[in-house]
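> When you get a sec, could you give me coordinates for this:
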Amino acid sequence: MPAKGFTWKTIPELNRTIWEKYKDVNYPNVKKLLDSSYADIQKLIEKHTDEELFEKKRHEWTGTTSLGFRYLQSI
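Numbers count the residues shown, from 1 in each chain. Predicted coordinates:
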C-alpha cells in the first residue's frame, strides 16, 4: 500500500521521497531497518490463519481478492 498521502499513481513521487529520506544512511543501518520491517510484517502475518489470509472477499476492503494474496504475498 502506498504511504499516507500517496496513491498508486504517485508511486514515483513516493519512491523519490523515500530515496531522499534514506540516501545518506549507511548500509549496516539500512539493513537493520529492513530486517526490522520484515520482522514486523512476519509478526502481522503470523497473527492470521490461512483462511483469514487467503479467503477471497473475507475482508470488504480487499475487494474480490484476499488479504494474503493481494497485500502480503508480494512483500
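> Provide the secondary structure category for Lys21.
Secondary structure assignment for Lys21 (DSSP: H, G, I helix; E, B strand; the rest coil): helix.
> That one: how many residues sit nearby?
Neighbour count for Lys21, taken as other C-beta atoms under 10 Å: 9. All C-beta spots, glycine's among them, are computed from the backbone N, C-alpha and C.
> Could you check the pLDDT of it?
Lys21 carries a pLDDT value of 95.
> ok, it to Asn15 distance?
According to C-beta to C-beta, to the nearest Å, Lys21 stands 11 Å off from Asn15.
> from the middle of its chain, how far away would stretch 21-41 be?
Centre-to-centre, stretch 21-41 and its host chain are 14 Å apart (C-alpha atoms, centre = their mean, to the nearest Å).
> Repeat that for stretch 9-19.
14 Å.
> And stretch 59-75, by the same measure?
With C-alpha atoms, centre = their mean, you get 11 Å for stretch 59-75.
> same deal with stretch 40-58?
13 Å.
> Span of that stretch from start to end?
Taking C-alpha to C-alpha, to the nearest Å, stretch 40-58 runs 23 Å from one end to the other.
> what's in contact with that stretch?
Stretch 40-58 is contacted from outside by Gly63, Thr64, Thr65, Ser66, Leu67, Gly68, Phe69, Leu72, Ile75, using C-beta atoms under 8 Å, 6 or more residues apart in numbering.
> was I right about the fifth one contacting His59?
Yes: contact status for Leu67 versus His59: in contact at 5.5 Å, counting by C-beta atoms under 8 Å.
> State the distance from Lys21 to His48.
Counting by C-beta to C-beta, the gap from Lys21 to His48 is 30 Å.
> quick one, longest helix in the chain?
helix 27-46 (DSSP state H).
> ok, Thr10 - how many residues close by?
Count around Thr10 with other C-beta under 10 Å applied: 14.
> Please read the previous query as pertaining to Leu67.
With other C-beta under 10 Å as criterion, Leu67 counts 19.
> before we move on, what about Ser66?
Neighbours of Ser66 (other C-beta under 10 Å): 20.
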